Each structure stands twice: as structure tokens, then as C-alpha cells.
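**Student:** predicted model, plus sequence, below.
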Amino acid sequence: MSFEKYLDVKPEIAQALAEGKPVVGLESTILSHGMPYPQNMEFAAKVEEIVRAEGAVPATTAIIGGKLKVGLTRDELMMMCNPKDIGKVSRRDVATYLATGKTGATTVTTTMMILAMAGIKVFATGGIGGVHRHGEVTMDISADLQELANTPVCVVCAGAKSLLDIGRTLEYLETFGVPVLGYRTDELPAFYCKSSGFKLDYRCETPEEIAKIIYTKWDLGLKGGALVGNPIPDEYALDFDAMEKVINEAIAEADEKGVRGKDITPFLLSRIKDMTEGVSFASNLQLAYNNARLASKIAMALTKMD
């Protein structure tokens, strides 16, 4: 395939894939655009440590020097954590960044693309993008949803970011045939909050059950991925009503300042962090760690089935 000349897979990860060992994909936008330095560097080290502790190999992705990177060296991680001139890259941007040699942080969409090219099937992130509030008017819908409909990667997340229209996000995923599985929950989590009020059709009690469902989907030849909603741990969960008030204030501020497109999510997350005096940031870290643990267990179970 022609994409192989653009793919740069770290030797440790290539060996793990060749030997049928579990590998878990990780994004880099959370490093470059989701956290300040040095907290992002500490997070990068910690999340990879969690994946390894569960018996899997971490594969953080990025676009560097005209290559789709699968696994980063410490120097490359350091580069992504000091985000001067590092763009936020979605599917539409990939060819431009490769052709021009620009450095790009991978979103959920581009991480899924790169992982699928490398043959990696499980990905841990914080929260997915979705239909933005008032999306029925603005048509502001994250590319993450179409990627889930078309790319065979299982994404483990704490649900859709709570600043989105979660109901319409679920409707969109249903329309495009994406299975949404709740891990020990009957509702799609709302990022900082354990529940959203939106019920899911399928609840799974074990990583093995999740692995069996996604294995069966792909064994049937059905295209696309799957979404696993993994609630934030109880001790770090925030109150839904209180967060709704904060989010609505942040959205009103974004509207007033004319913040749009790919800038909207980083702006809102930053404002929410400030408005909650850093509590939301601590919760963000813990839900991401929690997702890495579950993704590693799913990858382990899926490897055994393969």
C-alpha cells in the first residue's frame, strides 16, 4: 500500500505487532493542546506506564518530519509537549502536514487513521468529539464520528465531552452503525460526570465481553470501529448540574468572542479549567488514566482471541 512510505513505526511496537502482543494507541493532541507544560510531559510518561503495567505496549501518535509516527521517543514526546508551531491535525489536514513537513498533534480522528494503517485495534483517549450544541444549525460536527463509522479501531473514552450535544452525538453514531458499549454503565458518561441521562443499548461487565463484540463485528466484515464509554472513577466525578452551568457560561463566552472550528474545544476546556479552579483538570487526568487501563485490558483480551 502506498501509505506505508509515510508510516514510521517504532521498533518496539513493530515487534509487538509481529509477535501478536497487545498494543494500545494514544493521541498527542491532549499533550500539545490539552495540557500545559510540564504537566503534559508528566501525563505522557504516566499514561504509557499504566499501559505497560497492564501488559500492553503504548503507541503515541504524531506527525513529524513528513512521517506518521507510531510510538514516540522521549525527545519526540518532549517536542509535542512544548507545542510551539505544532498544529492540531484532523483528517483533512494530514496530506498537507506530510507534504510540507509540518509537525502536527493527532486528534481522535487522525490517531484512528494512523493506528489502522499500522494494524493497531485499540485506542485510549479522554473524550471523543461529537455534535456541538446548536450543531443542527451550525453543522459543527466532529470528524471523530465519521472516523468511527469507517475506521476499524475500538476507542475507549469517558464518553463525549460534556460541552457537546450528547443526544445528537449518539443519534449520529447510531445512523452510521457504530456500536456504543457502556463499561459497567447503562448511560453514556459525560466526560467529567459519570452519567449524562442518555441511555445506551448495550452494557458490558468485562473487558473480555467488549473484546468479543468488536472481534465479532470485524470477523463479519462490518466496517468501522466501536466506542466504549468508561465512566470516570467515583472519587473524581463532578456534579452534572454544576458542570452544565460552567459549560454554558464558557460556551456563551466563546460565542461572544467568535471562537469557532478546531479552536472551540481547547478554548472551552481551558475556560472550564479556570472556572472550576483546576478541579476539572485533575478529573481530566484521572479519566484518561482510567481509559488507558481499560483499553489495555481490552487489547489483551482481543489479542488472545486473535
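**Tutor:** Arrived safely.
**Student:** just to be sure, residue 302 is in a strand?
**Tutor:** No: under the criterion used here (DSSP: H, G, I helix; E, B strand; the rest coil), residue 302 is helix, not part of a strand.
**Student:** contacting residues for it?
**Tutor:** Applying Cβ atoms under 8 Å, 6 or more residues apart in numbering to residue 302 gives the contacts 22, 121-122, 154, 211, 214-215. Where you see a C-beta, it was placed from the backbone N, CA and C, and this is true even at glycine.
**Student:** separation between it and residue 187?
**Tutor:** To residue 187, residue 302 is 25 Å away according to Cβ to Cβ, to the nearest Å.
**Student:** for stretch 229-247, give the mean pLDDT please.
**Tutor:** The average pLDDT for stretch 229-247 rounds to 86.
**Student:** name the residues that touch that stretch?
**Tutor:** By Cβ under 8 Å, 6+ apart, stretch 229-247 touches 156-159, 162-163, 180-185, 187-197, 200, 268, 272, 275-276, 279-280, 282-283, 286-287, 290-291, 294.
**Student:** which of these fall within helices?
**Tutor:** Cross-referencing the contacts of stretch 229-247 against helices under DSSP state H gives 268, 272, 275, 279-280, 282-283, 286-287, 290-291, 294.
**Student:** among those residues, which one has the most neighbours?
**Tutor:** residue 291 (28 neighbours; other Cβ atoms under 10 Å).
**Student:** reformat the contacts of residue 302 as JSON lines; add neighbour count, distance to residue 107 and secondary structure.
**Tutor:** Output for those, formatted as JSON lines (neighbours: other Cβ atoms under 10 Å; distance: Cβ to Cβ, whole Å; DSSP: H, G, I helix; E, B strand; the rest coil):
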{"residue": "22", "neighbour count": "25", "distance to residue 107": "23", "secondary structure": "coil"}
{"residue": "121", "neighbour count": "25", "distance to residue 107": "19", "secondary structure": "coil"}
{"residue": "122", "neighbour count": "32", "distance to residue 107": "17", "secondary structure": "strand"}
{"residue": "154", "neighbour count": "29", "distance to residue 107": "17", "secondary structure": "strand"}
{"residue": "211", "neighbour count": "24", "distance to residue 107": "25", "secondary structure": "helix"}
{"residue": "214", "neighbour count": "23", "distance to residue 107": "21", "secondary structure": "helix"}
{"residue": "215", "neighbour count": "17", "distance to residue 107": "26", "secondary structure": "helix"}
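**Student:** do you know how far residue 265 is from residue 295?
**Tutor:** As for residue 265, its distance to residue 295 is 21 Å (criterion: Cβ to Cβ).
**Student:** so between those two, which is more surrounded?
**Tutor:** Taking neighbours as other Cβ under 10 Å, residue 265 and residue 295 compare with residue 295 leading, 31 against 23.
**Student:** next one: the closest residue to that one other than its chain neighbours, what pLDDT does it get?
**Tutor:** Excluding the flanking residues, the one nearest residue 295 by Cβ to Cβ, 6 or more residues apart in numbering is residue 124, at 3.6 Å. Here, the pLDDT recorded for residue 124 equals 98.
**Student:** low-confidence bits of the protein, can you list those?
**Tutor:** Where the chain drops to pLDDT under 70, the residues are 1, 162, 261-262, 277-278.
**Student:** okay, helices next: where are they in the stretch 51-200 of the chain?
**Tutor:** Counting by DSSP state H, counting those that start in this stretch, one finds helices in the stretch 51-200 of the chain at the ranges 74-81, 94-100, 108-118, 135-138, 143-150, 166-175.
**Student:** same list (those helices) but as a markdown table, adding mean neighbour count.
**Tutor:** Output for those, formatted as a markdown table (neighbours: other Cβ atoms under 10 Å):
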| stretch | mean neighbour count |
| --- | --- |
| helix 74-81 | 17 |
| helix 94-100 | 14 |
| helix 108-118 | 26 |
| helix 135-138 | 12 |
| helix 143-150 | 21 |
| helix 166-175 | 19 |
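**Student:** I'd like to know which of the ones you listed lies nearest to residue 207.
**Tutor:** Among those, helix 108-118 comes nearest to residue 207, with 18.3 Å by Cβ to Cβ.
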